[in-house]
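Q: Please find the sequence and the predicted model below.
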Number of protein chains: 2
Amino acid sequence: MTATTLHRPTHRDALALLESAFGDGRLVTVFGRCTVEYDGRASSTLGAGDRLVVCKPDGTILVHTDEKRKPVNWQPPGCTHRASVRDGRLRIRSSRTTPDETLDVRFERLDQLTAYEVNDRSDLTLHGSEEDLRQRILEEPALVEEGFEPSATERETTAGPVDIFGEDAAGRPVAVELKRRRVGPSAASQLKRYVDALRTEFADEDVRGVLVAPSVTDRTSELLAENGLGFVSLEPTAEDAAAGKEDGSDRTAEDDSR
Amino acid sequence: MTATTLHRPTHRDALALLESAFGDGRLVTVFGRCTVEYDGRASSTLGAGDRLVVCKPDGTILVHTDEKRKPVNWQPPGCTHRASVRDGRLRIRSSRTTPDETLDVRFERLDQLTAYEVNDRSDLTLHGSEEDLRQRILEEPALVEEGFEPSATERETTAGPVDIFGEDAAGRPVAVELKRRRVGPSAASQLKRYVDALRTEFADEDVRGVLVAPSVTDRTSELLAENGLGFVSLEPTAEDAAAGKEDGSDRTAEDDSR
DNA sequence: TTGTGAATATCGCGT
DNA sequence: ACGCGATGTTCACAA
């Protein structure tokens, strides 16, 4: 049996199942009317209302209302769940140290409690991230500009790591900052920090900076211009990957390489 | 009845309850073995495994595994949920436009499905945010430095809004940037942008910048020094508000000034 | 543990 | 809708 459910349980019966489920690594959902208090990095209180509470065996706890993608309260992985009954009411408390923080859920009414056994070995495979964008540029540096030659990724500077570092057609050092979506001023600012650091490092050379993103806001465009930084528009998704390959590289066989 | 539950339902029975629940604004949880595909801002695939799926009436959908605080897949509020049965298997699809994106959950096995009626009017009250920090400084400007006089919050500049803007004891313009926790280089960079913008605006004055945060990283400290920016250590929570007042400043009367 | 930046970030506020 | 910055951000990765 992968799911054990109690309907409108007494708070004591709920406690028994909760302790059992916490003990053997099951995932638990509780639905009912409750209040929530949090104290730790900040502090919060939430009055009574109907919520879905999810307790994961890794120590995560989530309190969800009927709105929003974010839980109204939560605790990250690594916490310890404890259940108890005070004044005849179920209480779930989840806490951790470093930082010290505690979440307290007190139930006024219990509608349903379920403990699930979870078997999940699959990992998510995601495409269209900044990492994908980087791969595409390394395969086809001309996407940045004709003659660009990457020499390193995550190249360290005193201001932090540069996404792609290389040389332009004229042999000048180039720092490339990648963003997978439309960017605001902070991205331009970040690139400028890297370029400034590289200008100190390459005191006698003309260091350039290029921002690669789908687009930039107006203010960001001004910021780039003010600081002599370049911009190249590029989408993170390789919609025309096949066309690009035909166009740019002639890899026809030997799929077994590497 | 606030909770309607089906245990190990047929996929057709599940479909009927889902359509009913989507229709009248109930929150739904489904537990079972499923695969998930996402396509939109990025794209992802997830092989078969046991997961808890939560569909909210505001269009949010969450797919949770037994680990982590983040759902393994999701869709934000504003989406449209649709359920169907293909090849005898339940499928839940949630999609939206702007941006165009779709989440597809296909069930191989259904363990449990529940529809909840949710009543929740309570709002979260949170303390210890940056907003709290700002209030404290406006009440006690000397926390920034003796003689500081705030004149505006969210003061607009061509580089964006400055948290607190005012004058120091010598009448010089001061931009104060607030952070509720230990900060990295980007905060110093952000403050520098504001100060640069203000230096253009107040061309004939000596504009200063002060970062207020619990602490800064080493590299950030250097960045601040390089750019002549100040730093004041301050916690977002007013734990020792009383003690701090006795200790740090000699403000004995006239709390009503401001 | 700390530092650093990405994220399908989400969210709220303003224009 | 876009722009902008905070978030109890979470998360992975590196030093």
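A: Looks like it arrived, so ask away.
Q: Pull out the buried residues from stretch A:179-195.
A: Burial within stretch A:179-195, assessed by neighbour count using 16 or more other C-beta atoms under 10 Å in any protein chain shown, is assigned to A:179-180, A:183, A:185-195. No exception for glycine: its C-beta is placed from N, CA and C like everyone else's.
Q: among those residues, which are in reach of DNA strand C?
A: Applying C-beta under 7 Å from any atom of the strand, the subset of the buried residues of stretch A:179-195 adjacent to DNA strand C comprises A:179-180, A:190, A:193.
Q: Out of those, which two sit at the greatest distance?
A: Of all pairs drawn from these, the widest gap by C-beta to C-beta lies between A:180 and A:193 and measures 19.7 Å.
Q: Where strands are concerned, which of the ones next to DNA strand C among the buried residues of stretch A:179-195 count?
A: For these, membership in strands holds for none, with DSSP state E as the criterion.
Q: Out of the residues you listed, the closest to chain B would be?
A: Nearest to chain B among those: residue A:193, at 5.8 Å, using C-beta to the nearest C-beta.
Q: give me the element residue A:132 is part of.
A: Secondary structure assigned from DSSP states H and E places residue A:132 in helix A:130-139.
Q: so after that helix, what's the next helix or strand?
A: Following the chain from helix A:130-139 toward its C-terminal end, the next helix or strand by DSSP H and E is strand A:149-157.
Q: Which residues are in contact with the residue of chain A found nearest DNA strand C?
A: Across chain A, the shortest distance to DNA strand C (C-beta to the nearest atom of the strand) belongs to residue A:160, at 2.7 Å. Contact criterion C-beta atoms under 8 Å, 6 or more residues apart in numbering or on different chains gives A:190, A:193-194, A:197, B:185, B:219 as the residues in contact with residue A:160.
Q: Roughly how far does it sit from residue A:192?
A: Residue A:160 sits 12 Å away from residue A:192, taking C-beta to C-beta, to the nearest Å as the criterion.
Q: what does residue A:78 give?
A: Per C-beta to C-beta, residue A:78 is found 37 Å from residue A:192.
Q: picking that back up, so what pairs up with the residue of chain A closest to DNA strand C in the strands?
A: Per DSSP bridges, the residues bridged to residue A:160 are residue A:157.
Q: Can you tell me the centre-most residue of chain A?
A: In chain A, the C-alpha closest to the average C-alpha coordinate belongs to residue A:129, at a distance of 11.0 Å (C-alpha atoms, centre = their mean).
Q: residue contacts, that one?
A: A:180, A:236, B:42.
Q: Which positions in the stretch 1-150 of chain A make contact with DNA strand C?
A: Contact residues of the stretch 1-150 of chain A with respect to DNA strand C, defined by C-beta under 7 Å from any atom of the strand, are listed as A:68-70, A:98, A:124, A:126, A:128-131.
Q: Quick check: the two most widely separated of those residues?
A: Considering C-beta to C-beta, no two members of these lie farther apart than A:98 and A:128, which are separated by 34.7 Å.
Q: For the two, indicate the residue with more neighbours.
A: Under the criterion of other C-beta atoms under 10 Å in any protein chain shown, the comparison of residue A:98 against residue A:128 puts residue A:128 first, with 19 against 6.
Q: Skip the chain neighbours and tell me the closest residue to the more buried one.
A: Spatial nearest neighbour of residue A:128, chain neighbours left out: residue B:42 (3.4 Å); criterion: C-beta to C-beta, 6 or more residues apart in numbering or on different chains.
Q: can you count the residues close to the one you found?
A: As a burial measure, residue B:42 scores 16 neighbours (other C-beta under 10 Å).
Q: That one contacts residue A:126, correct?
A: Yes: in terms of C-beta atoms under 8 Å, residue B:42 counts as a neighbour of residue A:126; the distance is 5.9 Å.
Q: Quick one: neighbours of the residue nearest to residue A:169 when sequence neighbours are not counted, just the number.
A: Across the structure, with C-beta to C-beta, 6+ apart as the measure, the residue nearest residue A:169 apart from its sequence neighbours is residue A:147 (2.8 Å). For residue A:147, the count of nearby residues is 12 (other C-beta under 10 Å).
Q: mind listing what residue A:147 touches?
A: Per C-beta under 8 Å, 6+ apart, neighbours of residue A:147: A:168-170.
Q: Can you say which of those residues are buried?
A: When neighbours are counted using 16+ other C-beta under 10 Å, the contacts of residue A:147 contain these buried positions: residue A:168.
Q: quick revisit: and which of the ones next to DNA strand C among the buried residues of stretch A:179-195 is nearest residue B:5?
A: residue A:180 (41.0 Å).
Q: Identify the residues contacting the closest one.
A: So, once contact is read as C-beta under 8 Å, 6+ apart, residue A:180 ends up touching A:128-130, A:133, A:213-214, A:236, B:42.
Q: So for it, what's the pLDDT?
A: Taken from the predicted model, the pLDDT recorded for residue A:180 is 97.
Q: Find the residue closest to it in space, skipping its chain neighbours.
A: Across the structure, with C-beta to C-beta, 6+ apart as the measure, the residue nearest residue A:180 apart from its sequence neighbours is residue A:236 (3.9 Å).
Q: Touching, the one you found and residue A:132? I think so.
A: Yes: under the criterion of C-beta under 8 Å, residue A:236 is in contact with residue A:132, at a separation of 6.3 Å.
Q: which one of the two has more residues nearby?
A: The residue with the greater number of neighbours, taking residue A:236 and residue A:132 and applying other C-beta under 10 Å, is residue A:236; the counts read 23 against 17.
Q: shaky segments in chain A?
A: Per-residue confidence of chain A (counting by pLDDT under 70) places the weak regions at A:238-258.
Q: So which residues of chain A form strands?
A: Along chain A, counting by DSSP E, strands occupy A:3-7, A:27-39, A:43-55, A:61-64, A:73-75, A:80-86, A:89-96, A:101-116, A:125-127, A:149-157, A:160-167, A:173-178, A:208-213, A:230-233.
Q: Name the residues of stretch A:138-151 that are buried.
A: Using 16+ other C-beta under 10 Å as the test for burial, stretch A:138-151 gives A:140-141, A:143-144, A:148, A:150.
Q: Looking at the residues you listed, which is nearest residue B:2?
A: Comparing the buried residues of stretch A:138-151 against residue B:2 with C-beta to C-beta places residue A:143 closest, at 55.4 Å.
Q: Please verify my assumption that residue A:89 contacts residue A:106.
A: Yes: applying C-beta under 8 Å, one finds residue A:89 in contact with residue A:106, separated by 6.1 Å.
Q: who's in contact with the residue lying closest to residue A:124 once chain neighbours are set aside?
A: The shortest distance from residue A:124 to any residue that is not its chain neighbour, by C-beta to C-beta, 6+ apart, is 5.0 Å, and that residue is residue B:46. Contacts here follow C-beta under 8 Å, 6+ apart; on that basis residue B:46 touches A:122-125, B:35-37, B:63, B:72-73.
Q: Fine, thanks again, bye for now.
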